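Colleague: Turn this into a model:
(3 chains, ligands or ions: 3)
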Amino acid sequence: MRIATSSLDLRRPATLESALQALRDDARTPIAGATDLYVTLNFGTLEARRFLDLSRLAELRGITERGDTLVIGALASFTALQRSPLVVKRLPMLVEAARLVGGVQIQNRATLGGNIANASPAGDSLPVLAAVDAAIVLRSVDGERRVPMTEFYTGYRASVMRPDELITAVEVPRVEGHQWFRKVGTRAALAISKVVVAGVRDGPRAARFAIGSVAPTVVRARKAEGVLAKGGKIEEAVRALQAEITPIDDLRSTAEYRTAVAGNLLRRFWAETA
Amino acid sequence: MRFTLNGLPVETNAHPMARLLDVLREEQRLTGTKEGCGEGECGACTVLVDGQSVCSCLVPVAQVEGARVTTIEGLHGTHPLQKLFMDEVGAQCGICTPGMVLAALALEDNPVPTLDDVRTALAGNLCRCTGYSAIYRAVLKWRAEADSGPHAAPEQASARHK
Amino acid sequence: MPVTAVGQSVSRKDGIGKATGAAKYADDLTWPGMLHGRTIRSTVPRGRIRAVLFDFDTTGFTIVDHADVPGSNMVDLIERDQPLLAVHEVRHVGEPILLLAHEDKEVLHAARVLVEYEELPPLLDPEGSEQTFKTITIDKGDAAAMAGADLVVEGTYQTGHQEHIYIEPNGVIAVPEDGGITVHGSIQCPFYALKALKALLGPDIPARVVQTETGGGFGGKEEFPSIPAGHAALLAHKSGRPVKIIYDRVEDMVSTTKRHPSIVRHRTGVKRDGTLVAMEVEVILDGGAYVTLSPVVLSRGCIHAAGPYRCDNIRIEGRAVFTNTPPNGAFRGFGAPQTEFAVEVQMERVAEALGMDPVEFRRKNALRAGDTTATGQVLREDCSALAVLDEAVRRTEFARKRTEYEGTDRAIGLSLFYHGAGFTGSGERYLKSRARLEVTPTGVRIATGSTEIGQGTRTMHAQIVADALGVPYESVEVAQPDTKHVVDSGPTVASRTCMVVGKILEECAVEMRSELGKLSPAEYFAKHGAMTVERMYEPPDWIRWDDATYRGDAYATYGWGCDVVELEVDPDTFDVRLLEVTAVQEFGRPIHPALARGQIEGGTVQGLGYALLERVVMRNGAMANAQLTNYTIPTTLDVPEIDVVMLENPYPGGPFGAKGLGELPMDGPAPAVVNALRHLGHDIRAIPATPEMIAASPVAART
Ligand SMILES: Cc1cc2nc3c(=O)[nH]c(=O)nc-3n(C[C@H](O)[C@H](O)[C@H](O)COP(=O)(O)OP(=O)(O)OC[C@H]3O[C@@H](n4cnc5c(N)ncnc54)[C@H](O)[C@@H]3O)c2cc1C
Ligand code: FES
Ligand code: FES
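Modeller: Ligands and ions are numbered 1, 2, ... in the order given. Coordinates of the predicted model:
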């Protein structure tokens, strides 16, 4: 490890209240499954030195139904998501996304809340949550607020979450229609997404479609959706989608490729869910 | 801070943010757990925490407080998979082997895993020597043999030392 | 003589330690009072060092720079051009400048050293480099015969860096003892490291090297470990304490050697009937900032550059050039994977241009016994190009699938390749490798410098000795390579450990057998005490090689291979899914079939990674994707099981008919993949063939 542990400080609260209080008292970086955090710590690129361990907050682990709403605790791991009969039944595309995160060891530790809070544009759960109009539940000592997933991010690795807030849960309204997920990674497993899409086919002309790794944040493809809702041609929707994403060349792929593949996947989604 | 290591209670004086990997290798002197990357990719540092495989390079030791940690040493060399890895040449240089063996234990309750099951179970472990096929042969043989006869499961194996 | 061990997949000499975690690799070892060492490296590709400033409390630190070197600061390899510690200038990112040691790893890593440079414009484009480390010309017949060809096909092919990704990064521990320094480490060639240490430490400080269990090498721990070994030795010498240096993955990727990137240009003239008339090949290898082994890599690359084909008129011109990038070095295949990729894609294109079936074209031109290679070597009966081709085509039903897949997303392609075993030309004669066999109270012990790095050295050597001596395999022990106790058997490289060192051991055993008479080794020991037999390698007497003209018998023998790849390209994402990979290879006779199979499976998967996934992104002379998450090697889900076929054609010059095997499997996968993509219409001329490249490649109409 490139960072001296002696320079680090950790608190391990046993209750959500004390956790929130600790966050309010002084700036601390939450740790859930540590699968993002410890990579940067190992590399010596993490700046934070004061941490707050969430792992004892059992109340953030549960996966339940509240009326029509599926409530997934922020600490639910990707393995827990795959094993949850509720998620399997109501949000199978999240199960699919979970199966494709890292390898088994990562799935056993990585949490949904961490994936959201980490705010990587390549996070695999994000398009799923954006496509189904999930709400992120944020808590601080002042109380709770809900932010629609589509309004959660404000820019590259930036969100509306305040430093004194925690993500406690994700709420997913009932999803009707065909769910469709596709990850295009750097290889078949242990892969970071170069393009990742999730869609819901709500009806003959209605679709919700979200796409990751093609812009600073996950993109809900409202314009493409609009074209389709108006009965426009799929090619027109593809052009609309390609206009509302802003992919870049990076270590893993090219803007050109991402643009082409985004279009191809929208076509495929539309054809396969017809 | 205390946890159970290979069936025995241990107390660690390590910093709570120390990586479980370092605590195992340096403080507990169990060097069977290897570091290949420090970024969760290679799986050489795989250990079981409460029976689930994790990359110990990404676990703050504080998070295993009270948990059961099993390392390769916890199999005491008696697990049939260990011999099969050698016999089937599933280990060449061997640096990935402890992690592979522990990750493969997830298939313990799968009586007849398919090749795809094995692939998926081991997708978090890189091996640069074998091309994986020999590892599949070892794991599939283990399940086939287990299917036709009893053997010591890891928890049973470590239970003997509790 | 009854053969009992050879040819059987006997239980390995490694014991169960690798599966129990008991096996000790470099980082698993500690010594009392041990310090940890760290290397401060250049962050610029080219510059003059203006100042080195310590922004930390230096109490408790051992600090070493070039002025602390007791002997020569130059790594003792082919050329002595590479400093162990930079003096005034740096030539590449990652170049070592300063060494620190401290007993607390955390304090060590927290230490901040600031290096100020006067930056100079780096040379990063190998084609634009006029600084040449080595040039080679191979001439056979007259390439001007090209004028008489019915058709001339040209092409340029490129391959990128490849990183070894041994799962155990480099690691060494230097221990002061008996007035000298002993280095223990993850080292493929202890006698290379020893030579380098002797030059570094000078005549007054004796050096010794002991190989620890080694977590993979693939060439990456061939010449490179001389550097960390030297660094640890310098720190140990100055501090008087044991010093351990373990690279983390990022450091290992950024600053250690990789496979040479290549640019290969072909012009091939053929007759309408497919007969090769003339071949012109230009090979450019990017050597990086120092010579390392580039001349030898270039040599092997050039010798294999015309592929396993009969052609009377060949001109191959190669050069290895300087750039301000980390030096490239040995990597399984040693230049041949680059040039064989180029020639095999070129041959596919020539067949295509002729409208000829790729198999027919290769069958017509493949080397046969009695044919001559590019260097004029007359091949003997141990040539199996046609045999591997025919078996691969038959086994995979190549012709049927080739037609059946037309118009689908599936495709099939193949490659035909060969690989010379052992050192090139007179190399084995100069090396004078030795091996020793010792009678012990319980049997015999093998004492060679050949290292076990996963490939099974210990096991196969013991098999050879057991059978040649007529003793049980179990009674043969293998000494850990320790330069104090074993003899120099030459490096563990170049597919020579079985064929060459195994051969010396076989001869030792035969000699020992006649000394023993009717006694078993243990009985002999009880009666007469110890006995050792030591012999030196004698290459076959017919080998003639002229280093000046590059004419003659380049290798005593060759292994032969044909790989067939079936794949599918996703029409939306251009992801390549490998469906079936068949590797048919002839390498004499397998001593241990399971180990041999493992070499082929592992080498083939490394080749598939090279073909499709493994891309080093260089930015301003530095590897920008130096993490396992961004430099992607195949996982379990990326590669199918390899269908391995081992054809036997015993080679009389090797032990029990064995040839070399380690590198051969690396040569075939990349061209087979790219030729399959060609079958789909994708004109790919560079690897890795990423989905991005496939998406951008023009899809020609299928022929
Ligand atoms: C080898 C490897 C492979 C990976 N593969 C994938 C992949 O395929 N797809 C993918 O999407 N990701 C992948 N990741 C990234 C990572 O696993 C995920 O982003 C994961 O979901 C992060 O969750 P965590 O619990 O480990 O987060 P942590 O590392 O604990 O935290 C991540 C960030 O979120 C913050 N945080 C965590 N929980 C909360 C909370 N409840 N409230 C507020 N802030 C919080 C932390 O402060 C930190 O900034 C991979 C990582 C590794 C190491
Ligand atoms: S060292 Fe932990 S995954 Fe590689
Ligand atoms: S056996 Fe060497 S990495 Fe797997």
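
Colleague: Show the contacting residues for whatever residue of the stretch 301-450 of chain C ends up closest to ligand 3.
Modeller: Closest to ligand 3 within the stretch 301-450 of chain C is C:Arg332: 13.1 Å, counting by C-beta to the nearest ligand atom. For the C-beta atoms, the positions are set from N, CA and C on the backbone; glycine is no exception. Taking C-beta atoms under 8 Å, 6 or more residues apart in numbering or on different chains, we find C:Arg332 in contact with C:Phe218, C:Gly219, C:Gly603, C:Gln606, C:Gly662, C:Glu663, C:Met666.

Colleague: go again using 10 Å as the cut-off
Modeller: C:Arg332 makes contact with C:162, C:164, C:217-220, C:222, C:259, C:493, C:495, C:599, C:602-603, C:606-607, C:610, C:662-667, according to C-beta atoms under 10 Å, 6 or more residues apart in numbering or on different chains.

Colleague: go on, C:Thr137?
Modeller: Counted by C-beta under 10 Å, 6+ apart, C:Thr137 has contacts C:Cys302, C:Arg315, C:Ile316, C:Glu317, C:Gly318, C:Arg319, C:Thr549, C:Tyr550.

Colleague: and the fifth one, that's in a strand?
Modeller: When you say that, I think you mean C:Gly318. Yes. Assessed by DSSP: H, G, I helix; E, B strand; the rest coil, C:Gly318 belongs to a strand.

Colleague: isn't it right next to C:Ala306, touching?
Modeller: No. The criterion here is C-beta atoms under 10 Å, and C:Gly318 misses it with C:Ala306 at 11.7 Å.

Colleague: Overlap of the contact sets of these two?
Modeller: C:Ile138, C:Val281, C:Thr339.

Colleague: In TSV, list the residues you listed along with neighbour count and secondary structure.
Modeller: What follows is those, written out as TSV (neighbours: other C-beta atoms under 10 Å in any protein chain shown; DSSP: H, G, I helix; E, B strand; the rest coil):
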residue	neighbour count	secondary structure
C:Ile138	24	strand
C:Val281	26	strand
C:Thr339	30	helix
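
Colleague: out of those residues, which one sits closest to chain B?
Modeller: Nearest to chain B, judged by C-beta to the nearest C-beta, of the shared contacts of C:Gly318 and C:Ala306 is C:Thr339 at 23.2 Å.

Colleague: Let me see the contact set for the nearest residue to the closest one once chain neighbours are set aside.
Modeller: Spatially, and ignoring its direct neighbours in sequence, C:Thr339 is nearest to C:Ala305 (3.9 Å; C-beta to C-beta, 6 or more residues apart in numbering or on different chains). Listed by C-beta under 10 Å, 6+ apart, the contact set of C:Ala305 reads C:136, C:138, C:262, C:264, C:266, C:279, C:281-283, C:314, C:316-318, C:335-336, C:338-340, C:342-343, C:374.

Colleague: what about chain C, any weak spots by pLDDT?
Modeller: The model of chain C has pLDDT under 70 over residues C:1-3, C:700-703.

Colleague: quick check: domain ranges of it?
Modeller: Using automatic domain parsing, the domain parsing of chain C gives C:15-24+C:427-536, C:31-121+C:164-255, C:262-425+C:550-702.

Colleague: Quick check: pLDDT value at the closest residue to A:Asp9 other than its chain neighbours.
Modeller: Using C-beta to C-beta, 6+ apart and skipping the chain neighbours, the partner closest in space to A:Asp9 is A:Arg50 (4.7 Å). If you check A:Arg50, the pLDDT there is 97.
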